[in-house]
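In: Just to be clear, the model below is a prediction. Sequence and coordinates:
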Amino acid sequence: MDINNIQESDIPTTAEELAAYEAKFPKVQKTIDDKMAEERQKFIDKQPSDKEMEEKIVEHLRQIYDPELPVNIYDLGLVYNIECWTNEVSMLKMCKITMTLTSATCSFSQVIVDLVKSIVSRQSGLENIDVDIVFDPPWGQDKMTDDAKLAMGLL
């Protein structure tokens, strides 16, 4: 019997014929489900862990400079928290970045937020970044890294 050319007479009519048919031609749906599960697992195995994604986000944040200062926003201390997790549907990472600005009246606030959100387009395995701007605690020079302080002549 040619599986691509099944005739009406090929269709099993008894339990024995059905058992013989299923032994010869395994259920296609099970094969498809197994293959999908296998491919899904391969995809998941290639994805970075939440911690690895957070580290990659930090690398990207260190490439975004405050438009008014010669220091990147991460070393400047504007980023308070980065939290990443896996979207259970897409299996891609979602991240929430809690950050502040040097001032509540920062005229470049939307530019900075847009630059942070644009990391999604440059980082594979990342589906979305939500940016939460907070002003408590307020930003101060104490939040800067030593490298940032050095770049600004504060050390």
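Out: Done, it's in. Numbering: from 1, shown residues only.
In: domain parsing for the protein?
Out: Domain segmentation of the chain under automatic domain parsing yields 8-46, 50-151.
In: Packed most tightly, which of those domains would that be?
Out: Neighbour counts (mean count of other Cβ atoms under 10 Å) averaged over each of the domains of the chain peak at domain 50-151, with a mean of 16. Just so you know, the C-beta spots here come from the backbone N, C-alpha and C atoms, and that holds for glycine as well.
In: Can you give me the end-to-end span of that domain?
Out: 31 Å (Cα to Cα, to the nearest Å).
In: And it, how far out from the chain middle?
Out: Offset of domain 50-151 from its chain centre (Cα atoms, centre = their mean, to the nearest Å): 15 Å.
In: What average pLDDT does it get?
Out: Across domain 50-151, the average pLDDT comes to 95.
In: Would you mind pulling the contact partners of the helix ranked longest in the chain?
Out: Secondary structure of the chain per DSSP state H: the longest helix is helix 28-46. Contact with helix 28-46 is made by 91, 125, as judged by Cβ atoms under 8 Å, 6 or more residues apart in numbering.
In: Over to stretch 65-80?
Out: 58, 61-64, 97-102, 108, 111-112, 116, 134, 139, 142-145, 147-148, 151-152.
In: Now for Leu115: which residues touch it?
Out: Ile64.
In: Give me the distance between it and Asn128.
Out: Look at Leu115 and Asn128: by Cβ to Cβ, to the nearest Å, they are 15 Å apart.
In: just Asn87 next, same as before
Out: Going from Asn87 to Asn128 by Cβ to Cβ gives 8 Å.
In: All good on my end, thank you.
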